[in-house]
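> sequence below, structure please.
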Amino acid sequence: MKHTPSPNFNARADGTKLDFIIVHYTGMQDAQTALARMLDPQSKVSAHLMIDETGEIYRLVADEHRAWHAGQSFWRGADDLNSRSIGIELVNKGHEFGYTPFPAAQIEAIKTQIAFLMKTHNLPASCLWGHSDIAPLRKEDPGELFPWQDLATEGMGVWPQPAPADNGPWDEKEVATLLQKVGYDVRTPEVLAASQIAFLRHFHAEQLTEGFSNNSAACLRALARLTA
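The predicted structure is shown next:
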């Protein structure tokens, strides 16, 4: 691990509990460009960790501090996710510059770090979410190629397993209610639509281009039950 301290942090808000790990991609041309931005005090951006495609890990901000990775965000009624989370950036060009699958070495490195953080901070499997989940109007990362299901099988994150009872008709009102139960922001029609896309991107990527389906609804029902 390379210790590369960023000046971009402050104290976590009083009374907040560290209870989330948020996964990002850098969305920049290469690791050095992303690292330079997170070390630049003018950028006002940082994360606790950055992981290169090779699996090399950069420690930018100590866990006890509030890194600036989540921005305007919302989850389960909380709107200062920076104070309640650890942010991990994965080096990837992202949707703007040429989104590609995450290399095996990078995924193994983030698994190791997430397992360590969960143990160190006594976090449940449900602590793990993507930037797009908490900021669906603004963000797409880490994107539909991130192996959420793979991590969930190892106890990092959650993955819904629909039961026969989860199948059946659905409507927008039910979807909004279930998304809100899971934690998504549904406070306006615009953010509700974005949260549906974020849900698909994370849990039902095969429907991302076609939109919500009966199978999507079944997955969402199972997820709401799993995270209740």
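> what sits against the closest residue to residue 64 other than its chain neighbours?
In space, not counting the residues next to it along the chain, residue 64 is nearest to residue 12; the distance is 7.5 Å by Cβ to Cβ, 6 or more residues apart in numbering. Placement of C-beta: from N, CA and C, glycine included. Residues near residue 12 by Cβ atoms under 8 Å, 6 or more residues apart in numbering: 18, 64, 65, 66, 82, 83, 84.
> one more time with 10 Å
18, 63, 64, 65, 66, 67, 80, 82, 83, 84, 85 (Cβ atoms under 10 Å, 6 or more residues apart in numbering).
> export those residues to JSON lines and tack on neighbour count and secondary structure?
Output for those, formatted as JSON lines (neighbours: other Cβ atoms under 10 Å; DSSP: H, G, I helix; E, B strand; the rest coil):
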{"residue": "18", "neighbour count": "19", "secondary structure": "coil"}
{"residue": "63", "neighbour count": "14", "secondary structure": "coil"}
{"residue": "64", "neighbour count": "10", "secondary structure": "coil"}
{"residue": "65", "neighbour count": "17", "secondary structure": "strand"}
{"residue": "66", "neighbour count": "23", "secondary structure": "strand"}
{"residue": "67", "neighbour count": "27", "secondary structure": "strand"}
{"residue": "80", "neighbour count": "15", "secondary structure": "coil"}
{"residue": "82", "neighbour count": "21", "secondary structure": "helix"}
{"residue": "83", "neighbour count": "18", "secondary structure": "helix"}
{"residue": "84", "neighbour count": "21", "secondary structure": "helix"}
{"residue": "85", "neighbour count": "26", "secondary structure": "strand"}
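> which of the residues you listed sits closest to residue 97?
residue 67 (23.0 Å; Cβ to Cβ).
> how is this protein divided into domains?
Per automatic domain parsing, the structural domains of the chain span 2-152, 164-226.
> and residue 9, what are its phi and psi?
Dihedral angles phi and psi of residue 9 (degrees, to the nearest 10) take the values phi -160, psi 170.
> got the buried residues for the longest helix anywhere in the chain?
In the chain, taking DSSP state H as the definition, the longest helix is helix 104-121. By neighbour count on 16 or more other Cβ atoms under 10 Å, the buried set for helix 104-121 is 106, 107, 109, 110, 113, 114, 117, 118.
> that one packs against which elements?
For helix 104-121, the elements it packs on are strand 20-25, strand 49-51, strand 57-59, strand 85-90, strand 128-130, helix 148-152, judged by 3 or more Cβ pairs under 10 Å, 6 or more residues apart in numbering; DSSP states H and E.
> for those, give me CSV that also has distance to residue 43 and mean pLDDT.
CSV is the format used below for those (distance: least, Cβ to Cβ, whole Å; pLDDT from 0 to 100):
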stretch, distance to residue 43, mean pLDDT
strand 20-25, 14, 98
strand 49-51, 13, 98
strand 57-59, 15, 98
strand 85-90, 13, 98
strand 128-130, 21, 98
helix 148-152, 28, 98
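> tabulate the ones you listed (CSV), appending distance to residue 192.
Converted to CSV, those look like this (distance: least, Cβ to Cβ, whole Å):
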stretch, distance to residue 192
strand 20-25, 21
strand 49-51, 32
strand 57-59, 36
strand 85-90, 23
strand 128-130, 18
helix 148-152, 22
